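Got a sequence here, can you model it:
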Amino acid sequence: MKGWKGIISTLLIIFVTAVIGAAVAAGLDVQGNWRAILIAGVSAVLTAVVNYLNPKDARYGIGAE
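Sure, this is the predicted structure:
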């Protein structure tokens, strides 16, 4: 279970930093751009998930040694 906590915390950090970056890029107009900001966070997390599931990616995840 300890490994899952690390994975979840990493994905949460990725999500939060992407959301903050998108909010800053939108000029901090979160109310008018909340969908785009949320999509930016989700897409950043999906990138990490795809890397984790890719057996040819030896950095981490399924293909790691």
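
does Ala64 count as helix, strand or coil?
coil (DSSP: H, G, I helix; E, B strand; the rest coil).

Pull the distance from the host helix or strand of Ala48 to the chain's centre.
Take DSSP states H and E as the rule and Ala48 turns out to sit in helix 34-53. Put simply, helix 34-53 sits 5 Å off its chain's centre (C-alpha atoms, centre = their mean, to the nearest Å).

Using PDB, list the CA coordinates for that helix.
The C-alpha trace of helix 34-53 is given here as PDB (Å, rounded to 0.1, in the frame of the first residue of the first chain):
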ATOM      1  CA  TRP A  34     -12.400  26.300 -15.300                       C
ATOM      2  CA  ARG A  35     -13.000  23.600 -17.900                       C
ATOM      3  CA  ALA A  36      -9.800  24.300 -19.800                       C
ATOM      4  CA  ILE A  37      -7.900  24.400 -16.600                       C
ATOM      5  CA  LEU A  38      -9.300  21.100 -15.400                       C
ATOM      6  CA  ILE A  39      -8.600  19.500 -18.800                       C
ATOM      7  CA  ALA A  40      -5.000  20.600 -18.500                       C
ATOM      8  CA  GLY A  41      -4.600  18.900 -15.200                       C
ATOM      9  CA  VAL A  42      -6.300  15.700 -16.400                       C
ATOM     10  CA  SER A  43      -4.100  15.600 -19.600                       C
ATOM     11  CA  ALA A  44      -1.000  16.000 -17.500                       C
ATOM     12  CA  VAL A  45      -2.000  13.100 -15.300                       C
ATOM     13  CA  LEU A  46      -2.900  10.900 -18.300                       C
ATOM     14  CA  THR A  47       0.600  11.400 -19.700                       C
ATOM     15  CA  ALA A  48       2.100  10.000 -16.500                       C
ATOM     16  CA  VAL A  49      -0.400   7.100 -16.600                       C
ATOM     17  CA  VAL A  50       0.500   6.300 -20.200                       C
ATOM     18  CA  ASN A  51       4.200   6.300 -19.300                       C
ATOM     19  CA  TYR A  52       3.500   4.000 -16.400                       C
ATOM     20  CA  LEU A  53       1.500   1.500 -18.500                       C
END
